[in-house]
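Trainee: sequence and predicted structure, then a few things I'm wondering about:
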Amino acid sequence: MRRIKELLASKGDSIWSVGPDQSVYEAIHLLAEKEIGALAVMDGDRLIGIVSERDYARQIILKGRSSETTLVKDIMTSNVVTANGDQGVRECMGRMTEKRIRHLPIVDNDGKLIGMISIGDLVRSVIAEQQSTIGDLEKYISG
């Protein structure tokens, strides 16, 4: 079973983040620029939240607020579900499904943010693992 740290190694270690006092507009601009769905909200080196397109839709658009004047800290999810690099891909997929989240910050043993994965990253990993298994079985059968 593939571990999250292996997935991060193949995905790359880019972590995109914003500060809690930045405007939601700045956060949404960064999401669009990087073509991602969520950002870590950092206070220095400390992960204090996550802000996603879902937060934007529910907290700005549906409530008629302004993204230029609303701060990230006012819409971010502060009770962040995290995982560590030693956890398995399938374990994290189950956790994300259970918690109904699409993005999962990955932290080291000291709680330092080391990466971010999406449900799409996990699905791609499982599919690649299955394709590899199928290929191995086809080689075994054909012999």
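Mentor: That came in fine, so what should we check first?
Trainee: give the residue farthest from the middle of the chain.
Mentor: For the chain, the residue at maximal distance from the C-alpha centroid (Cα atoms, centre = their mean) is G143, at 41.1 Å.
Trainee: how near is that one to L137?
Mentor: As defined by Cβ to Cβ, to the nearest Å, G143 lies at a distance of 11 Å from L137. In this view, the C-beta of every residue, glycine as well, is placed from N, C-alpha and C.
Trainee: tell me who's in contact with the residue farthest from the centre of the chain.
Mentor: Contact partners of G143, counting by Cβ atoms under 8 Å, 6 or more residues apart in numbering, are absent.
Trainee: now swap in V89 and tell me
Mentor: Going by Cβ under 8 Å, 6+ apart, V89 touches M1, R2, R3, I4, L7, L122, S125, V126, E129.
Trainee: what is the neighbour count of the last one?
Mentor: Residue crowding around E129 was assessed by other Cβ atoms under 10 Å; the count is 14.
Trainee: who are the contact partners of the closest residue to it other than its chain neighbours?
Mentor: Nearest non-adjacent residue to E129, counting by Cβ to Cβ, 6 or more residues apart in numbering: R2, 6.0 Å away. Going by Cβ under 8 Å, 6+ apart, R2 touches G88, V89, S125, E129.
Trainee: end-to-end on stretch 92-112?
Mentor: 18 Å (Cα to Cα, to the nearest Å).
Trainee: let me fix that: stretch 51-68
Mentor: OK, stretch 51-68 end separation, Cα to Cα: 15 Å.
Trainee: just the buried positions in it, please.
Mentor: V51, S52, E53, D55, Y56, Q59, I60, S67 (16 or more other Cβ atoms under 10 Å).
Trainee: so which of these belong to helices?
Mentor: The members of those that map onto helices under DSSP state H are E53, D55, Y56.
Trainee: which one of the contacts of R2 sits closest to E33?
Mentor: S125 (25.3 Å; Cβ to Cβ).
Trainee: where's that closest one, which helix or strand?
Mentor: S125 belongs to helix 119-142 when assigned by DSSP states H and E.
Trainee: what is that helix packed up against?
Mentor: helix 4-11, helix 89-99 (3 or more Cβ pairs under 8 Å, 6 or more residues apart in numbering; DSSP states H and E).
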